[in-house]
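In: compute the structure for the input listed below.
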Amino acid sequence: MPVDSITAIAIVEAAMKPYSPEQIFFLRRMIFIVDRKKELGAKLDSGDWPMRALNKALYSTYQDCADLGMGDLAKMLLPQNFSAKR
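Out: Predicted structure coming up:
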């Protein structure tokens, strides 16, 4: 289920209480990357280097969140059509 950035921020801020500053940092980074991907997605082809870089950053940040025990929350922030091409 995709979420917009306002909803994503609300989800993260509601969930911040039990999380460490490191976890919050990676959740906020994920929101930033998702927003940037949406913004550039309308202008660029998926094969263009900025989009490939954003996909790698998004996947890496998702993995960081999962490693910190927040995989389910991070998965909710992923775009619905996101596929990790490594």
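In: alpha carbons only for contacts and neighbour counts from here, please
Out: Fine.
In: count the neighbours of Gln63 for me.
Out: Residues within reach of Gln63, counting by other C-alpha atoms under 10 Å, total 17.
In: and Met51, what's its pLDDT?
Out: The model reports Met51 with a pLDDT of 89.
In: tally of neighbours for it?
Out: 18.
In: renumber starting at 56 from here on
Out: Yes, from this point I'll number from 56; that puts the last item at Met106.
In: show the contacting residues for it.
Out: Lys92, Leu95, Gly96, Leu99, Asp100 (C-alpha atoms under 8 Å, 6 or more residues apart in numbering).
In: from the residues you listed, pick the one nearest Pro76.
Out: Lys92 (24.3 Å; C-alpha to C-alpha).
In: mind listing what that closest one touches?
Out: Applying C-alpha under 8 Å, 6+ apart, we find Lys92 in contact with Met106, Leu109, Asn110.
In: report the distance from the helix or strand hosting Asn110 to the chain centre.
Out: If you go by DSSP states H and E, Asn110 is part of helix 104-122. On the basis of C-alpha atoms, centre = their mean, to the nearest Å, helix 104-122 sits 8 Å off its chain's mean C-alpha point.
In: closest to Ile88 among the contacts of Lys92?
Out: Looking across the contacts of Lys92 and measuring by C-alpha to C-alpha, the closest to Ile88 is Leu109, at 6.8 Å.
In: what about the longest helix in this structure?
Out: helix 76-96 (DSSP state H).
In: list the buried ones in that helix?
Out: Gln78, Ile79, Phe81, Leu82, Arg83, Arg84, Met85, Ile86, Ile88, Val89, Asp90, Lys92 (16 or more other C-alpha atoms under 10 Å).
In: then stretch 94-110?
Out: Met106, Arg107, Leu109, Asn110.
In: touching, Ser101 and Arg107? I think so.
Out: Yes - Ser101 lies in contact with Arg107 (C-alpha atoms under 8 Å); the separation is 6.9 Å.
In: mind checking pLDDT for Pro76?
Out: Pro76 is assigned 88 on the pLDDT scale.
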